[in-house]
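> Give me the fold of what follows.
(one chain, ligands or ions: 1)
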Amino acid sequence: MFRATIGISLFLVTLLASAQEWDFTLHKHQSGMPGPTLLVIGGIQGDEPGGFNAASLLTTDYSIQRGEVWVVPNLNFESIIKRSRGVHGDMNRKFKDITQKDPEYQLVQKIKKIIRDEQVDVILNLHDGSGFYRPKYYDRLHGPQRWGQSLIIDQAELPAIQYGQLENIAEAIVAHANGYIKNKEHRYHVKNTETRLGNREMEKTLTYYAIQNNKAAFGVEASKSFGTHYRAYYHLQMIESFMQYLGIDYQREFELTINSVKHRIDNNIQVALYEKKMFFDLRNVRDRLRYVPMKKGEPIDFSASNPLIAVLDKDRYYNVRYGNRSVTKLLPQYFDFDNSLKAINLVIDGTEREVQLGDIISVQEKFQVNTSKDYRVNVIGFTRPGLRSEQGVMIKRSDIARRYSVDQQGKLFRVEVYRDHYFCGMVLIDFSQRPVAAVSSQQADTSL
Ligand SMILES: [Zn+2]
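Have a look, this model is predicted:
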């Protein structure tokens, strides 16, 4: 867990996203109380953001009080980041046969092992599907040819396992979820693909692999007719219906409405660099941030507030990506790093406080940095002629050139600390008086 500022902790996950390694992450919400284990998988196809954003929120914004919820929010991470259905073909057709030469061979083997884990009781694979599934043809967008707003089963039952009454369970879940959906067009239907009876396409899918390994599995489809946040909202509603059905107790950090889902997706963009020597809140960030201190000759080291964030090395700059979106470019300035300093003293609106490097600090009016003379302070965008270091100077928002802010609103500024020509770390000063990042209290479990 990483403390970003007093009283607020942020979920931070460390992700590997070098060109060769596009690993997914497994997050285990463990309650310590006996109960079933639900495995939720998002992002098997990179162009279905409703599913992977819902799974990401399940990772960062939920806690579990009974039973367990395991989440893989970014199964096909490379395709998510590259905005492709499947950079190496459709991953959801690789569960029957796959050659060792397939670039996704290791990933598929790894998720198969998680699926077969004896603790896993029920599996949900989240998708965004076209139109609206209906058992009978209604029109081009509504009929058996469509997938949106459906709960998919491969067969009616899987005898001899606890949650093997797939059709009964699916009908119960759909009835429950539909109770919350006023708009009739948006209501879910159960779709049975009868895979065992010769459905050659569905035989190759993740859910059918699970079924063949005696795991209760469901495909959950939100409609591509909706925007991303709307789809994620419906996905979360379905996931919660499953958790309630299974007796898994949970808490979520936001109200489940379309607006708050959108707000959480749009605002949960924080990145820490180099063991949190720097912490960037990238809400409404500028297109590019210049002169970001980076370590010479080493791959970038970062962690992020959600598992859909990647920082890609583009040679001359780093591209911060979040799911299907491009967030900003970091233009590096290379330094050797100094580890001698962990915190600095700041006078914030008249009150002196010790602040950790890597913190974000809310300031109403003015601040002043106090460090020993061994260190040099650089408030990015502030200059005073003849001043080599900016410690001991009381600085107001209006003293800093707005174009140097991190955010587009001109409220968020960098304070960097150096010793000689070594970089020590950064503190972010936030003049917006907005609450700092909505909170999530989960511990990141990035095992596997
Ligand atoms: Zn899909």
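> Go ahead and confirm residue 149 touches residue 220.
No: with contacts counted by C-beta atoms under 8 Å, residue 149 stays clear of residue 220, the gap being 9.7 Å. Placement of C-beta: from N, CA and C, glycine included.
> closest point of the chain to the ion, which residue?
residue 127 (3.3 Å; C-beta to the ion).
> element containing that residue, please.
strand 122-129 (DSSP states H and E).
> got the contact list for the residue of the chain closest to the ion?
44-45, 48, 51, 147, 219-222 (C-beta atoms under 8 Å, 6 or more residues apart in numbering).
> Just give me the neighbour total for the nearest residue to residue 345 once chain neighbours are set aside.
Leaving aside its chain neighbours, residue 345 sits nearest to residue 370 (4.2 Å; criterion: C-beta to C-beta, 6 or more residues apart in numbering). Neighbour count for residue 370, taken as other C-beta atoms under 10 Å: 13.
> Just list the residues touching residue 370, thanks.
344-347, 352, 391-392.
> would TSV of the residues you listed with secondary structure, neighbour count and pLDDT be doable?
Shown next, in TSV, are these (DSSP: H, G, I helix; E, B strand; the rest coil; neighbours: other C-beta atoms under 10 Å; pLDDT from 0 to 100):
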residue	secondary structure	neighbour count	pLDDT
344	strand	23	96
345	strand	14	96
346	strand	21	96
347	strand	15	97
352	strand	10	96
391	coil	20	88
392	coil	13	91
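> Who are the contact partners of the nearest residue to residue 153 once chain neighbours are set aside?
Nearest residue to residue 153 in three dimensions, chain neighbours excluded: residue 166, at 4.4 Å (C-beta to C-beta, 6+ apart). Neighbouring residues of residue 166 by C-beta under 8 Å, 6+ apart: 153-158, 216, 218.
> Filter those residues down to the buried ones.
153-155, 158, 216, 218 (16 or more other C-beta atoms under 10 Å).
> Just the closest of these to residue 99, please.
Distance to residue 99, by C-beta to C-beta, is smallest for residue 154 among those, at 24.1 Å.
> Disregarding flanking residues, what is the spatial nearest neighbour of the closest one?
Nearest one to residue 154, counting by C-beta to C-beta, 6+ apart, is residue 195 at 4.0 Å.
> what about the closest residue in space to residue 82 that isn't next to it in sequence, helix or strand, and which?
In space, residue 82 comes closest to residue 46 once its chain neighbours are excluded; the distance is 6.5 Å by C-beta to C-beta, 6+ apart. Assigned by DSSP H and E, residue 46 belongs to neither a helix nor a strand.
> For the protein, what lies in contact range of the ion?
45, 48, 127 (C-beta under 5 Å from the ion).
> Repeat the analysis, applying 8 Å as the threshold.
The chain comes close to the ion at residues 44-45, 48, 51, 92, 127-129, 147, 219, 221, as judged by C-beta under 8 Å from the ion.
> What's the mean pLDDT across the longest helix along the chain?
Looking across the chain with DSSP state H, the single longest helix is helix 228-246. Averaged across helix 228-246, pLDDT comes to 98.
> list the buried ones in it?
Buried-residue list, helix 228-246, by 16+ other C-beta under 10 Å: 228-243, 245-246.
> Likewise for stretch 281-299?
281-283, 285-286, 289, 292-295.
> Okay, and the beta partners of the residue of the chain closest to the ion?
Counting by DSSP bridges, residue 127 forms beta bridges with residue 221.
> Repeat that for residue 429.
Beta-bridge partners, per DSSP bridges, of residue 429: residue 361, residue 413.
> and it, how many neighbours?
Other residues close to residue 429 by other C-beta under 10 Å number 26.
> so what's it up against?
By C-beta under 8 Å, 6+ apart, the residues touching residue 429 are 361, 363, 367, 379, 412-415.
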